[in-house]
Structure formats: C-alpha cells, structure tokens
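*Asks:* No letters, just coordinates:
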C-alpha cells in the first residue's frame, strides 16, 4: 500500500507539472510515462497513471489563472474569471478556489464511477459479436465529435487510423493466419502483427507536440503576474468563498461527469456547458467574466468531474472517450488485460485498486496544490529547453524497453512524431486517428465473427431490441456530432 501511495503521489506531482506548463498536457504526461509502467504490475501502473491523469487535468488551472493560457482544453473557461481575479491581485485566492472546486468535482465523479460502471458492465455481458460490432461503430462516431468543424478531415483521420491498424499479418477471427496485407516486403519481419500501440501513442502525443513547440519557439511564459505572485495579495482565500457555491459545485460536477461519460465530447465542452449554466442561473450574471468566484468554481468542478465520468465507458464497455483515456488502454494492453464488460467481474482486485487510487489521487492533488501553490506557480518559469530534451530521452528509452530492445519501436516513435507534427500542419486530427487505430482490429474481428456465426448481413438490423437501441445511439450521436461541426463551421466563417 505504501508503494501504491508513493506512485499516486509521484503521478499527481508529475501531472501537475505537465498541466501547469503551457504546451504540455495530461495526455502528453500519460504518453511519456506509460512505457515506464512496464516495470510495474497492473495495480502499480494504474496508480501512477491515475495520479498523472488527475494531476494533469488539475494543473491546467495554473497557467489559465496566472497567464490567461489554458493549460488543458478543459481549462478554457477558467481563464474567463480566473485571469481577471489575478489582475485584481487575487491570483492566489483564484487558484485555491479552483483547487477546492477540483476536489469536489473529482469526489462526485468518483462516487458516480463506483456505483454506475459495474451496472453498465453487467448489462453489457450479454453482448454477442453483433452488439460488440455496433458498440464499436458507436464508439467510432466519437471521431466526428472530435473533428470540431473539420468533418471530412476528422473522418479521414479516423479511417486512416483504422487502415494503419490493419497492417501486418491478417489474423482471421475464425482461427489461422492468412497473408500479409498493407506491408511492404522489407518490413514483413518487423510488422508481422502491425505497429505496436505504445510507440504510436508516444510519437503522436509526446514527440509530435515537442516538434511543434520547437517550431513555435521556447520563450519563457513568465510574466509580471507570476513573478509578483508571492507578494501580498489583495484578498486572501477562505472556505467561506465556497459557502454560497454549494449548488454550483454539485451541478457543475454532475455536468462534467455526464459529459465525460459521452464519448468524444471532451473537457472543453463540459467546462463551457457548466459555465453557461452558472451564468444562466446566477443572481448577478453580468459579473461573470469580470472575476466572479462562481465562474472559476463552475469551470474547475466540471474539469475534474470529467475524470471519473470518462472512465465509465472505458472500463465498462471498452470505449475510449478521448485521447487521454485511450492511452489508459495501453496500460491494460501492456499487462495483457482487455477492458470491457468482463473487466470488473474478472478483475475485482484491479477494479477496487483503481477506484481507491482515483480517490487518493484527488485528495493528494488537493493537498499538494493547496499547500504548495506558490511554488507550483513557479513551474511556469522553468525553461522548456531544459524540460523537452529530458522528455525526448524518456520517450526513446520507454519505447525501446517495451519489447525488450526492439530498435524498430524507436523508429516508430520518430515516424509517428513526424506524423503528429504533419497532422497539425495539414489540419488532420491526431485524436480521431488514435481512436481508429485502437478500435480497428476489434471492429474487423467482431464483423467477421458476426457474419460467420449468423451467415447474414441482416442480423445487424434484426437481432433484437439491444441492436435497435445501439442503432438509435449511433444515429443520435452522428446527428449531434454533425450539427456541432456545422455550428462550429458557421461560427468560424463569421469570425
């Protein structure tokens, strides 16, 4: 237990550092540290990664409040009121309000995960390959949700991910191996079973972002707000600041958790929805955007509410809702465990450990950030030219160790790092690509099994009520996602 606690603490601190430095995210933190978990058992791996997840999401409030730069996408609305509070010399107060709100959001989402995920998993245990195939199709509609105004580009990115996932020797769902496909002759020895997930992840979400940041430049993000943070603040934080925010805290936490359950919607949507609800129900809506406490509370409570919510479809159905939870699949893959309907029943000890790790991570996040926030704020000033070379070395060592010293995995990291960089240049989407890459083989396997067992394509429409419900979910998800993309396109055109 002591080892688990230390790993959670290290994860939380590491996540806070990644979240607090502009240009580095929780997703990047998990991608960098994931290969290191190969030396641990699954319980220890999850302890470290859950700590990174919670710390990374929470750490994003530091640059959002002090620099007006959201450290994570879900911290966008924190800038609306957090930065104005900093300009009023209330930066420390704003940070501590955000930290306390993050704790409440994390605890509420933890409770919902604990009670709801096993129920959903039990329901999904009766799924045949037909329902599993449709469930994966539903998960793939996430690709359109993640496209954000680039419907065709996002869909192309997801299909490209599926295409790349099918490279290698074709392993039939019905047993036996067939011929190689999509693999050039000189790569057949190294790509027998396709690209390994972990090097692809590291390349896309760590090395790719570093290359892009190098092009932008590595100037310090320090400014006078950070440098003067240790000076006397105009108004100190008090828990009385949250006395009138009880309903706001609960409402925003539940909204964040619910948005987290919906694959592909994302933290930015959760914080925006929570913020808009806070403004609609505020007694003084005109004050939001000018340094209002309720704006910071709404944004940060929904942020951490997202963490437990996003784990519900991942653990109970095997659906990665976004790029960050998709990386968590890598931890299970390294240990030879598949997430999905059978995970909780077949791995009760792992499930209990994950639940308690999430609780401890939220508590440690609060303690570390609340009592050391003045020091954490200085992280923003650490030169990137010092941090990034260390991360690159960690990426290379981690990729090399995944399969006990296969040099091709380092080339894979480099290749997909360049791919991630080119995606940003061409307007392609890394997250849809990753979702397609992860789900591609499973999509094919369940399709082949369904056709073999039932010998009819009509089974995908006539099997029963669960199939009809899944088709309804797919249709609704597609319509909502397409509408969001059209609205986003219209707004960008007006701008």
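*Replies:* Nice, thanks for sending it over. Only a predicted model underlies this, so the values are computations on that prediction, with no experimental measurement involved. Numbering: from 1, shown residues only.

*Asks:* distance of residue 130 from residue 153?
*Replies:* 31 Å (CB to CB, to the nearest Å). Backbone N, C-alpha and C define where each C-beta goes, glycine included.

*Asks:* I meant to write residue 164 there.
*Replies:* Here residue 164 is placed at a distance of 16 Å from residue 153 (CB to CB).

*Asks:* biggest helix in the chain by residues?
*Replies:* Assignment by DSSP state H gives helix 91-124 as the longest helix of the chain.

*Asks:* Could you list every helix and strand in contact with it?
*Replies:* helix 42-59, helix 61-66, helix 78-87, helix 246-261, helix 293-317, helix 343-346, helix 348-376 (3 or more CB pairs under 8 Å, 6 or more residues apart in numbering; DSSP states H and E).

*Asks:* Of all those helices, which one comes closest to residue 451?
*Replies:* helix 293-317 (22.3 Å; CB to CB).

*Asks:* State the mean pLDDT of the closest one.
*Replies:* Here helix 293-317 scores 87 as its mean pLDDT.

*Asks:* gap between that helix and the chain center?
*Replies:* Distance of helix 293-317 from its chain centroid, counting by CA atoms, centre = their mean, to the nearest Å, is 11 Å.

*Asks:* now stretch 132-145
*Replies:* Distance, centroid of stretch 132-145 to centroid of chain: 17 Å (CA atoms, centre = their mean).

*Asks:* Buried residues, the following helix or strand past the longest helix of the chain. List them.
*Replies:* Following helix 91-124 in sequence order, the next helix or strand is helix 129-140 (DSSP states H and E). Neighbour-count burial for helix 129-140, counted by 16 or more other CB atoms under 10 Å, picks out 129, 130, 131, 132, 133, 134, 135, 136, 137, 138, 139, 140.

*Asks:* Can you tell me which helices and strands helix 129-140 packs against?
*Replies:* helix 430-454, helix 459-462, helix 465-494.

*Asks:* mind giving me TSV with the ones you listed and columns for mean pLDDT?
*Replies:* Shown next, in TSV, are those (pLDDT from 0 to 100):
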stretch	mean pLDDT
helix 430-454	82
helix 459-462	86
helix 465-494	79
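
*Asks:* who wins for proximity to residue 312 among those?
*Replies:* Nearest of the helices and strands packed on helix 129-140 (CB to CB): helix 465-494, 15.0 Å.

*Asks:* Now do the closest one against helix 91-124, angle only.
*Replies:* Between helix 465-494 and helix 91-124, the angle comes out at 150 degrees (axes from the mean of the first three to the mean of the last three CA atoms, to 10 degrees).

*Asks:* got the angle between helix 465-494 and helix 129-140?
*Replies:* 10 degrees.

*Asks:* What residues of helix 465-494 count as buried?
*Replies:* Under 16+ other CB under 10 Å, the buried positions of helix 465-494 are 466, 467, 470, 474, 477, 481, 484, 485.

*Asks:* Surely the fourth one is in contact with residue 139?
*Replies:* No - under the criterion of CB atoms under 8 Å, residue 474 makes no contact with residue 139, lying 9.8 Å away.

*Asks:* same for the strand or helix carrying residue 411, what does it pack against?
*Replies:* Using DSSP H and E, residue 411 falls within helix 407-426. Secondary-structure packing of helix 407-426 (3+ CB pairs under 8 Å, 6+ apart): helix 197-202, helix 208-216, helix 384-402, helix 430-454.

*Asks:* Please state the mean pLDDT value computed over that helix.
*Replies:* Throughout helix 407-426, pLDDT has a mean value of 89.

*Asks:* Which of the residues in that helix are classified as buried?
*Replies:* Result for helix 407-426 [16+ other CB under 10 Å]: buried residues 408-410, 412-417, 419-421, 423.

*Asks:* report the angle between the axes of it and helix 384-402?
*Replies:* 130 degrees.

*Asks:* Other residues contacting helix 407-426?
*Replies:* For helix 407-426, contacts defined as CB atoms under 8 Å, 6 or more residues apart in numbering pick out 157, 190, 195-196, 198-200, 202-212, 395-396, 399-400, 402-403, 428-430, 433.

*Asks:* rerun that using 7 Å as the cut-off
*Replies:* By CB atoms under 7 Å, 6 or more residues apart in numbering, the residues outside helix 407-426 that reach it are 190, 195-196, 199-200, 202-205, 207-208, 211-212, 395-396, 399-400, 402-403, 429-430.

*Asks:* any idea of the angle that helix forms with helix 208-216?
*Replies:* 50 degrees.

*Asks:* confidence score at residue 222?
*Replies:* Per-residue confidence (pLDDT) for residue 222: 61.

*Asks:* Scan the helices and strands of this structure for the one with the lowest mean pLDDT.
*Replies:* Least confident helix or strand of the chain, by mean pLDDT, DSSP states H and E, is helix 224-227 with a mean of 55.

*Asks:* What's the local residue count around residue 356?
*Replies:* For residue 356, the count of nearby residues is 17 (other CB atoms under 10 Å).

*Asks:* for the residue nearest to residue 113 when sequence neighbours are not counted, what are its contacts?
*Replies:* Computed as CB to CB, 6 or more residues apart in numbering, the closest residue to residue 113 that is not its neighbour in sequence is residue 308, at 4.0 Å. Counting by CB under 7 Å, 6+ apart, residue 308 makes contact with 109, 110, 112, 113, 257, 260, 358.

*Asks:* Distance check, the first one against residue 163.
*Replies:* Right, residue 109. The value you get for residue 109 to residue 163, if CB to CB is used, is 35 Å.

*Asks:* So for the two, which residue has more residues nearby?
*Replies:* Neighbour count, other CB under 10 Å: between residue 109 and residue 163, residue 109 has more, with 30 against 14.

*Asks:* Need the per-residue pLDDT for that one.
*Replies:* 91.

*Asks:* Quick check: the farthest pair among the buried residues of helix 465-494?
*Replies:* Checking the buried residues of helix 465-494 with CB to CB, the most distant pair is 466 and 485, at 28.4 Å.

*Asks:* quick one: contacts for residue 400?
*Replies:* 409, 410.

*Asks:* Perfect, I'm done here.
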